[in-house]
Structures are given as structure tokens and as C-alpha cells.
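dropping the sequence and predicted coords here.
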Amino acid sequence: MKTSKLTLGPNLFNWKAETWRDFYFRMADEAPVDSVYLGEVVCSKRSPFYAQYIPDIIERLEAAGKEVILSTLALIMTKREMESVREIAEAEGYMVEANDISAAALLEGRPHAIGPFINVYNEGTLAYLTRKGATRITLPVELESKSIEALAKSTSAELEVQIYGRLPLAISARCYHARTHQLSKDNCQFVCDRDPDGLDLDTLDGEPFLAVNGVQTMSYTYCNLSAEMEAMAKMGVSHFRLSPHSGDMVKIAQAYRDLLDGKSGIAETEDIISEQSDDMPFSNGYFYGKEGVVTEGERAELGE
Amino acid sequence: MTNKLELVCPAGTPASLHAAVDAGADVVYLGFRDETNARNFPGLNFNRKELAEGLEYAHANDAEVYVAINTFPEAGNPEPWKKAVDDAAKIGVDAVILADIGLADYAAQTHPDLRRHLSVQASASNPEAIKFYREAFGVQRVVLPRVLTLPEISALNKEIDVETEVFVFGGLCVMAEGRCALSSYATGESPNMTGVCSPASHVRYEDEGDRMVSRLGDFTINAFAPDEKAGYPTLCKGRFVTEGRASYLFEEPTSLNAAAMLPELMEAGVTALKIEGRQRGRAYIAQVVSAFRKAVDAAAEGLPIPQLNLDSITEGQQKTSGAYEKTWR
């Protein structure tokens, strides 16, 4: 699987602007990833804080030989949001990832990426989007292995699957971080910056269940498809996405790279990733057509 | 002359279709009895013969029928969805309601004369998205996701030449529709993949003596005192704990009622109003449809919207106008 590519998905959380910048500088310098997705996907109110750093980050990533892809908003409701996406889509010379069909329409006719927030569940949709210029498609998190396999078989486009990090499960017009703090979205005081990996949401019985990230709702568990990468590579999935967290993403990327290169095994990878993920529970259920929260397959046996 | 809002009403059974038509529905929307529609519940929906008969009854009474084929076809298994579109066209329905890009493409290529609407599940929330579906697949109407405020809907309608349809009554998704995998995270089944959300097959109520707990999959969604009515554990209407405080974080167990906003929705350029509830019984449908018939007629005449008196059938639930008001966010 040496030809498999590792990518760093867009940071979905609200990190302090300098933390955000320094994170990407370090990724440029040290992380063994082939591509880095950059830009705001979750909430348009966040980007003004770090937008000033983007040109420097792009320069540094490119100098390090990494492909840069500009990500765009998943839920576009206002004129201002649409204009901000239009600006990115019109940026000459950059690959752009559409996360709403409006952005894909703006990118029609030139190579672009489709993010996991556009519903690509079947060959018909995949074929339509590739005819319009999509060259890389990151699949929705819900898809199971047989769907991934069928899609890979049907296309010559590059397919990408998230293999690490909390799963983006839902997006809303409503901000649940603001609601937690009894604030409104308009006067949110940017409280989502207090939780660099999202805010844990428990059931009434105290069981961890989900994580709140502003208008986005995520899994509490961290997706980890270390044991499934080989099968996916055989199916024809070319890119594996790491979704940024506050753990050491350089070490995490290195662990997955070593696994892909055959330099380490599943158990060894698991130890490193687990340590860098605050010992959070992992999940891979969607891949097996089960509840997204569960762990199946080879890694299920590791835990026993 | 004022343009009257079209009233689009749900039916999960032939009896409900008759009830909706008799109560004054302009349009009845329904689905086939399989995974091709987003209310894929046991004992619900129409086979081909029932659809043909229902269509005949509706047309005889100046009403139309739309067929929702609004889940996302499974990779490797496109046939049930294509067949649903083919059969809807053959039976002669007035429109199909689609969510998937590939299926919309198929419908546009194969049945160019079949009127195509865009389902709320396609989550088209801005002019560019709507223009895309219009230009690519000739979509003539879009059902707007329940994320937009009234002023946003009004602004949107000025920028597009596609009819818009909005939800005014019934269940309320708080997440952008078609972009929510919460249900499958807990149960393995979701609106996009199997046409269900928080499915009954994964629901359990457990009497723990001092409280009744409702669970979805392995997760507690809510707990009730012995004298309280235990509500259905729809995931996003549950009670959860964040920062040490229990709350209905996503949404109260509430339902949508935007009847009072009909004049504003007309003003905003909306074409049609949608009532949610294909899973509801005939009596419910009859009552809701006739109440909204009166409301729509009154709004068209510029008269005050009459009281709907629907509290008895909404189980005393709270009502909300949802995202139409910005304070909801």
C-alpha cells in the first residue's frame, strides 16, 4: 500500500488563530501526509480570525511538496457565505473541495474535489459529478465496504475515505455550542473555541454519546480504520483522510504511514494512535454496515 | 388576484389519501412501499396498484399526486430506485420528488416529460444550489430545507426561477435534512440509506421503577417520571448532558406549526405548503388538512388566519415556528 496517499482533512474545530496557523506550519514541516485540506467547513463566523494566515500556510505547505486543497462550507445559507465560497472557487490555480452542491456547480468544468458533505451514495451520482470535473471524491461517512467497493469499481476518479477522527454526523442552522452556554448563535461569543476536539455530550445515564462542534454534531468515538485500509486500497480507494485533532497529528500520520508502508502492524499502530487520542474509544462500525459507533473486525479482537 | 398557496398533504395509506383529498388537499404526496422513500415504515406506503387507484381518485376530485423517491440509491443496487421512477412515470403521477443527483439525472434523461421536484433531503439551501438542480435536471420546484428564516426565503425566491415549497406543520428536523447520520450512528439505519430515522425496531422502553427510560440502540434518549407520558425517542429530540447540565440540547419534543405565518410566506413568494406526516393515521390527516384548507383560503382572501384547534391531535406538544424565526438558531 505504498502508493496509498495520506491526507489531512480540513480542521473542523475552532482553534485559536495562532494555534491554527502553528498547527499547519508544523504539518507542512513534519507530517508525512501528501495533501492538506485548508479552510472553514463548519461555521462561517470562524474564518475571519485565521484567514490572514492562509497565504503563508499555503506557501509553506507547497514548499514542503504537499498538495493544497481549499475546503469550503458545508451549509451555505446567506449571501455572505455564498460570496465567500465563490471567492474560493474562483481562486486560480488551486484545487478546491466542494462541500455543498452550489460550490460543485461553481467549479464545473475544471478539476475539483467533492467533500464528504455532498451525498455521493451511488455510481450514478459519482459518474455525474466526475463528468462535471470532479477528480477526487471523499465519501460520506455512513458508507459500508460493499458500497465503497462498488463505487471504486465504477470510476477512475480518486476516492478518499476518512480513517481517523471524530465523524461529522450532522449540521444544522442552530448552534449547539451556543445553546449549551445559553447563548444565541448571533451572540455566540465563539464559545466553541473552548473545546479543541468538540464538546462531549453524554446521555442522562452519563454515557458518552456524541460531540458538539458549533453547528455540527460529531461522534464521541474517534473513527479508526487502520485495519480496513488494506481492504480499501485493494478496492481502489487511493486516499485516506486524517481529520485533525489536538493530539500529535505528526505522530498519528506517521503511525498510519508506517502501517501503509508495511513497517508496523495494527496493534503497534493502535497503541500510538490511542496514546495521541487521549485513549478515546475508537469505532469503525459503518465500514461493516453496522451502527457507526461499534468496533468490528480485526481491531475488535485487539480490545478483548 | 392573489395567488393561492398550494396545499401539499401526506398519505401513508389509500385511506389517508382519500381523507386528504376529501379534506381539501390540492396535492397528496406519498411513497412506494420500499426503501426508495424517506418514510420507509412497516405497514406504510403504496404498491403500484394502490398508487394508480389513488391517482384516479385524486384526479377525479381536482387534486394531484406527487411520489417521493427521496432516499439515496444504494451503490451496486440502483434498480429499485430507477424502477420507482419508471413506474411513477408510467402510472402518470403529477410529479416525482427526488433527492439524489444520479437519480435526478436518470429521471431527466429517461422521462423528460415527468415533472421533477427536489426533495428537502437534497438540502438545497441557497440560490446556486437550486439553480444547479434547475439547469442540470430541469427541476421545477424545490422543497426548502428547514434551516432558513423567512427573510432568507424571501431573498432566495427573488434570485431563482423555481417554485419553492416549505414545511408548515408536523415533525421537525433540526439538522439540515439529507445531511444527518445521527440515526445510523446509533442504529445502523438512517434517512439517507434506508429511509428511516430513529427506527422503532431499535427503540426500547425500560421501566426502572422510579423512572421510565427510552432507548435508541444502546443509548438512553430520555427518562420520564412514572406519571409522565414517555415520548418516542427520536434522537434529536432527546435529553442529553453537556457541561454538567441536562437539556433538550438539539430540540424540545416539539412540532412545527407555521400557520400564523401564511401571509408572510405568501409575501415571501412561496408556492406551496407542505404538511409532514405520511406515518400519521387517517383521522389526523383529515383534521390537519381541513384546518389548513381553511387557513390557506383565509390567507388568500387577506383575512385573519383562523384558529386551527389542532392541540388535541398533537398530544399537547409544544409548537414552534422553527427556523423561520432567527431566534430559533
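Looks like it arrived, so ask away.

export the longest helix along chain B as CSV, just CAs?
Ranked by number of residues, the top helix in chain B under DSSP state H is helix B:282-300. Output in CSV follows, covering the C-alpha atoms of helix B:282-300 (Å, rounded to 0.1, in the frame of the first residue of the first chain):
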residue,chain,number,x,y,z
ARG,B,282,-56.4,8.9,8.5
ALA,B,283,-58.2,10.9,11.3
TYR,B,284,-55.1,13.0,11.9
ILE,B,285,-54.7,13.7,8.2
ALA,B,286,-58.3,14.7,7.8
GLN,B,287,-58.2,17.1,10.7
VAL,B,288,-54.9,18.8,9.8
VAL,B,289,-55.7,19.1,6.1
SER,B,290,-59.1,20.6,6.7
ALA,B,291,-57.7,23.1,9.2
PHE,B,292,-55.0,24.2,6.8
ARG,B,293,-57.5,24.3,3.9
LYS,B,294,-59.4,27.0,5.9
ALA,B,295,-56.2,28.8,6.8
VAL,B,296,-54.9,28.8,3.2
ASP,B,297,-58.2,30.1,1.9
ALA,B,298,-58.4,32.8,4.5
ALA,B,299,-54.8,33.9,3.7
ALA,B,300,-55.7,34.1,0.0
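
which other helices and strands does the next helix or strand after it contact?
Following the chain from helix B:282-300 toward its C-terminal end, the next helix or strand by DSSP states H and E is strand B:318-320. Strand B:318-320 makes packing contacts with strand B:254-257 when contacts are defined by 3 or more Cβ pairs under 8 Å, 6 or more residues apart in numbering or on different chains; DSSP states H and E. Where C-beta positions appear, they are placed from N, C-alpha and C, glycine not excepted.

skip ahead from the strand it packs on and say which helix or strand is next.
For strand B:254-257, the succeeding helix or strand toward the C-terminus, using DSSP H and E, is helix B:262-267.

how about that next one: buried residues?
Across helix B:262-267, burial judged by 16 or more other Cβ atoms under 10 Å in any protein chain shown covers B:262, B:264-266.

what of stretch A:216-228?
With the criterion 16+ other Cβ under 10 Å, stretch A:216-228 contains buried residues A:216-228.

now name the helix or strand holding the residue nearest to A:P140 when sequence neighbours are not counted.
For A:P140, the nearest residue in space outside its immediate sequence neighbours is A:P116; the separation is 5.4 Å by Cβ to Cβ, 6 or more residues apart in numbering or on different chains. Using DSSP H and E, A:P116 sits within no helix or strand.

which parts of the stretch 151-300 of chain A sit against chain B?
Within reach of chain B by Cβ under 8 Å from any Cβ of the partner chain, the stretch 151-300 of chain A has these residues: A:151, A:154, A:167, A:169-176, A:179-181, A:184-186, A:199-207, A:209-210, A:212, A:217, A:219, A:285-286, A:289-293.

from the residues you listed, which land in strands?
Using DSSP state E, the subset of those located in strands is A:167, A:169-172, A:199-202, A:209-210, A:212, A:217, A:219.

who wins for neighbours among the residues you listed?
Counting neighbours by other Cβ atoms under 10 Å in any protein chain shown, the top entry in these is A:L210, with 31 neighbours.

the stretch 1-150 of chain B: helices as residue ranges?
With DSSP state H, counting those that start in this stretch applied, the stretch 1-150 of chain B shows helices at B:14-22, B:48-60, B:79-91, B:101-110, B:127-137, B:150-159, listed in chain order.

oh, I was asking about chain A
Counting by DSSP H, the segments of chain A that form helices are A:17-30, A:47-50, A:54-63, A:79-89, A:101-106, A:123-131, A:145-154, A:176-180, A:229-235, A:249-260, A:266-276, A:298-302.

lowest mean pLDDT across those, which one is that?
Comparing mean pLDDT across the helices of chain A, the lowest value falls on helix A:298-302: a mean of 80.

for B:E177, pull up the helix or strand it's in.
Using DSSP H and E, the element containing B:E177 is strand B:175-180.

hmm, that strand touching chain A?
Yes - with Cβ under 8 Å from any Cβ as the criterion, chain A is reached by strand B:175-180 at B:175-176, B:178-180.

if we can go back for a sec, can I get the buried residues of helix B:262-267 in TSV including pLDDT?
Supplementary listing: the buried residues of helix B:262-267 in TSV, determined by pLDDT from 0 to 100:
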residue	pLDDT
B:L262	96
B:E264	95
B:L265	96
B:M266	96
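
how far off centre is stretch B:64-74?
Stretch B:64-74 has its average C-alpha position 11 Å from the chain's average C-alpha position, going by Cα atoms, centre = their mean, to the nearest Å.

quick check: end-to-end length of it?
End-to-end distance of stretch B:64-74: 29 Å, with Cα to Cα, to the nearest Å as the criterion.

now that stretch: average pLDDT?
Stretch B:64-74 comes out with an average pLDDT of 97.

do it and chain A meet at all?
Yes - against chain A, stretch B:64-74 shows contacts by Cβ under 8 Å from any Cβ at B:72-74.

report the closest residue of chain B relative to chain A.
Per Cβ to the nearest Cβ, B:G102 is where chain B lies closest to chain A, at 2.2 Å.

neighbours around the residue lying closest to that residue once chain neighbours are set aside, how many?
Leaving aside its chain neighbours, B:G102 sits nearest to A:G124 (2.2 Å; criterion: Cβ to Cβ, 6+ apart). A:G124 is surrounded by 23 other residues when neighbours are defined as other Cβ under 10 Å.
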